[in-house]
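[1] predicted model and sequence below, questions to follow.
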Amino acid sequence: MTLTLHPDQARQVGPVLYAAHRDRRGGIFGDDQLPYHSLPQEMERGSREHLHFITLTTALRTHRHPEALWLAARKTYDDAGTRYLFTPHAVAEFRVEKLREDMAAYGLAKRPDNDTDIWRRISTTLVQDFEGEACTLLAQANFEAGEILSAVRSSRHDFPYLGGIKTSSLWIHLLVESWQGQPIEGMQAIPVYTDRDVVAATVAIGAVAGIYTGPYGALEDSVEAVWTSACEGTDFYPMQFYHPLSKLGERGCREVQVFPCRRRTECPVMIFCVEAVPRKTQDGIEVGRPSELLTPISL
């Protein structure tokens with residue numbers, strides 16, 4: 001069987017999940033705060049410093065635990081001796097050895113050579129192509145999401161990792177959710193970030209269904225498509241559901257080995273659960289109800 005998309009299901013469940021996550025009043029979401037939303041000391045939300053803080057830190061997110069990454073970034077900014085790392089002009093002028101040492105001071109760089117190279121190349125691109133200001137990049141793209149993505153993904157500009165398909169979408173979302181320095185238009189065009197938690201949660205709520213065996217990429221594409229379709233004609237855009245879905249998948253759906261789920265009493269969308277799971281196989285991925293598959297295996 002092939003996968004079937006159910007955007008009406010996603011359209012019904014999404015707002016309920018989004019509201020529950022925004023409230024964060026116990027349950028499966030607990031009372032945790034989004035790690036990127038806390039500011040360093042002496043930083044104003046919406047400022048140029050905040051924009052550079054989000055832009056550069058987001059580029060290091062691959063293979064990093066979000067809480068640890070953003071805490072390290074805040075500590076690096078709070079120290080007057082390493083705060084210069086968030087000023088592109090200063091970064092472009094310092095020796096690589098100095099940058100590597102200072103980025104390691106609070107754990108901002110976990111892969112010293114690679115992370116320092118990413119940081120320096122992005123800073124240099126901002127200096128050479130955008131007057132040293134990320135806001136100039138946004139302004140040249142008319143603060144429009146699609147144009148911004150085109151700029152950071154373009155081969156004309158060197159934005160390692162930040163220009164990646166998934167990371168660039170997440171960065172744009174963080175500009176709207178956390179920076180808030182300027183309205184970003186056209187967010188409907190930005191697809192949801194499909195990590196393994198988002199995929200598991202989307203399958204569990206029945207927005208993507210069917211007994212399926214095949215490449216994982218096809219499942220990711222289906223998840224992306226169903227949330228894009230679900231948001232059409234609404235006030236939501238797909239990336240608004242990323243964090244709620246990711247937390248639901250991480251703390252509930254991906255933990256399931258047998259149903260009923262042990263977190264069901266804490267889950268704000270329990271009544272929508274179709275008790276379906278994605279799992280790894282030698283052939284790629286399988287999706288279906290546990291009764292129709294072998295024992296589930298975590299992705």
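    That came through fine.

[2] center of this protein - which residue?
    The centre of the chain sits closest to L170, judged by Cα atoms, centre = their mean, with a distance of 4.3 Å.

[3] now for the helix ranked longest in the chain, which elements pack on it?
    Assignment by DSSP state H gives helix 112-130 as the longest helix of the chain. Applying 3 or more Cβ pairs under 8 Å, 6 or more residues apart in numbering; DSSP states H and E, we find helix 112-130 packed against helix 48-58, helix 88-93, helix 96-104, helix 134-140. C-betas here are computed from N, CA, C, even on glycine.

[4] coming back round to it: a strand runs through the residue nearest to the centre of the chain, doesn't it?
    No - assessed with DSSP: H, G, I helix; E, B strand; the rest coil, L170 is helix; it does not lie in a strand.

[5] against R83, how distant is it?
    Note on L170: its distance to R83, by Cβ to Cβ, to the nearest Å, is 24 Å.

[6] so how far is stretch 248-258 from its chain's centroid?
    Chain-centre distance of stretch 248-258: 19 Å, with Cα atoms, centre = their mean, to the nearest Å.

[7] now do the same end-to-end measure for it.
    Stretch 248-258 stretches 17 Å from its first residue to its last (Cα to Cα, to the nearest Å).

[8] average pLDDT across it?
    Stretch 248-258 shows a mean pLDDT of 85.

[9] again, but for stretch 203-221
    Averaged across stretch 203-221, pLDDT comes to 90.

[10] for G14, helix, strand, or coil?
    G14 ends up helix, using three-state DSSP.

[11] related to what we said a few turns ago, okay, buried residues for the longest helix of the chain please.
    By neighbour count with 16 or more other Cβ atoms under 10 Å, helix 112-130 contains the buried residues 115-127, 129-130.

[12] ok so, going back, for S178, find the nearest of the helices and strands packed on helix 112-130.
    Closest to S178 of the helices and strands packed on helix 112-130 is helix 48-58 (Cβ to Cβ; 6.2 Å).

[13] between that closest one and helix 112-130, how many degrees?
    140 degrees (axes from the mean of the first three to the mean of the last three Cα atoms, to 10 degrees).

[14] packing partners of helix 48-58?
    Using 3+ Cβ pairs under 8 Å, 6+ apart: helix 48-58 touches helix 66-78, helix 112-130, helix 134-140, helix 165-174.

[15] try 10 Å
    Where contact means 3 or more Cβ pairs under 10 Å, 6 or more residues apart in numbering; DSSP states H and E, helix 48-58 is packed against helix 66-78, helix 88-93, helix 112-130, helix 134-140, helix 165-174.

[16] quick one: average pLDDT of that helix?
    The model assigns helix 48-58 a mean pLDDT of 98.

[17] next one: stretch 87-104
    97.

[18] between the two ends of that stretch, how far is it?
    End-to-end span of stretch 87-104 (Cα to Cα): 17 Å.

[19] likewise stretch 258-265?
    So stretch 258-265: terminal residues 15 Å apart, Cα to Cα.

[20] any residues touching stretch 69-79, and which ones?
    Residues from elsewhere that reach stretch 69-79 (Cβ atoms under 10 Å, 6 or more residues apart in numbering): 34-43, 49-50, 52-54, 56-58, 60-65, 82-86, 102-110.

[21] out of those residues, which are buried?
    Looks like the contacts of stretch 69-79 have 34, 36, 39-40, 43, 49-50, 52-54, 56-58, 60-61, 64, 82-86, 102-104, 106, 108-110 buried, using 16+ other Cβ under 10 Å.

[22] which stretches of the stretch 151-299 of the chain have low pLDDT?
    288-299 (pLDDT under 70).

[23] mind listing the strands for it?
    208-209, 212-214, 277-281, 284-288 (DSSP state E, counting those that start in this stretch).

[24] name the helices or strands packed onto the last one?
    The reference is to strand 284-288. helix 196-204, strand 208-209, strand 212-214, helix 216-231, strand 277-281.

[25] CA atoms only: put it into CSV for me.
    C-alpha atoms of strand 284-288 as CSV (Å, rounded to 0.1, in the frame of the first residue of the first chain):
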residue,chain,number,x,y,z
GLY,A,284,14.0,1.4,4.8
ILE,A,285,10.9,2.3,6.8
GLU,A,286,7.6,0.7,7.6
VAL,A,287,4.4,2.5,8.7
GLY,A,288,1.3,0.9,10.1
